[in-house]
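Engineer: need the 3D shape of this:
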Amino acid sequence: MYRLSVSRDFVAQHFLTVPDPGPEGEVHSHHFEVAVRFAGPDLNEHGYLVDIDAVDAALDRLEARYRDALLNDLPEFEGANPSVERFARVFGDRFVEAVPTEGPTRLTVRMWEDEDAWASHERAL
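Structural biologist: Numbers count the residues shown, from 1 in each chain. This next block holds a predicted model:
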């Protein structure tokens, strides 16, 4: 099994919408780091699991969308608590729309909201 991972970091804001969120109910920033991790059994004719340039381009677009954004204001979080777990899934949803995925068979999006806490979402491709 081959694996390839590319990561980015950016600052975004959110506030939690759960009952009694404490200080997390106020708008605050996180320095998010996200890693997209592909896995698959085969390489293409060029020896790639996935084209890193295509991955970088997709990450550039997503970084531009989320950098300095208030997640609660974005349509993909409308009516939903913007937890780091949900953000990992939403990020993956948009990522797979933007990058060719015919080679790898799995994608994991791991997202850190700080140096102590991360969440991930994994999907079959």
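Engineer: where do the strands sit along this structure?
Structural biologist: Read by DSSP state E, the chain holds these strands, from start to end of the chain: 2-14, 28-40, 106-112, 118-124.
Engineer: what ranges of the protein fall below the confidence cut-off?
Structural biologist: Judged against pLDDT under 70, the chain has no low-scoring part.
Engineer: check contacts around the residue lying closest to V99 once chain neighbours are set aside.
Structural biologist: Excluding the flanking residues, the one nearest V99 by Cβ to Cβ, 6 or more residues apart in numbering is A58, at 4.2 Å. Using the backbone N, CA and C atoms, a C-beta is placed for each residue, glycine as well. Listed by Cβ atoms under 8 Å, 6 or more residues apart in numbering, the contact set of A58 reads F95, A98, V99.
Engineer: hmm, 10 Å instead?
Structural biologist: Neighbouring residues of A58 by Cβ atoms under 10 Å, 6 or more residues apart in numbering: V6, V36, R94, F95, V96, E97, A98, V99, P100.
Engineer: try V36
Structural biologist: Contacts of V36 (Cβ under 10 Å, 6+ apart): 4-8, 50, 55, 58-59, 62, 91-92, 95-96, 99, 107-111.
Engineer: which of those count as buried?
Structural biologist: 4, 6, 8, 50, 55, 58-59, 62, 91-92, 95-96, 99, 107-111 (16 or more other Cβ atoms under 10 Å).
Engineer: spatially central residue in this structure, please.
Structural biologist: F91 (3.7 Å; Cα atoms, centre = their mean).
Engineer: what sits against the closest residue to it other than its chain neighbours?
Structural biologist: In this structure, F91 finds its nearest non-sequential neighbour in V109, 5.4 Å apart by Cβ to Cβ, 6+ apart. The contact partners of V109, by Cβ under 10 Å, 6+ apart, come to 34-37, 87-96, 119-123.
Engineer: is V109 bridged to anything, and to what?
Structural biologist: Residues in a beta bridge with V109, per DSSP bridges, are V36, H121.
Engineer: distance of it relative to P19?
Structural biologist: 27 Å (Cβ to Cβ, to the nearest Å).
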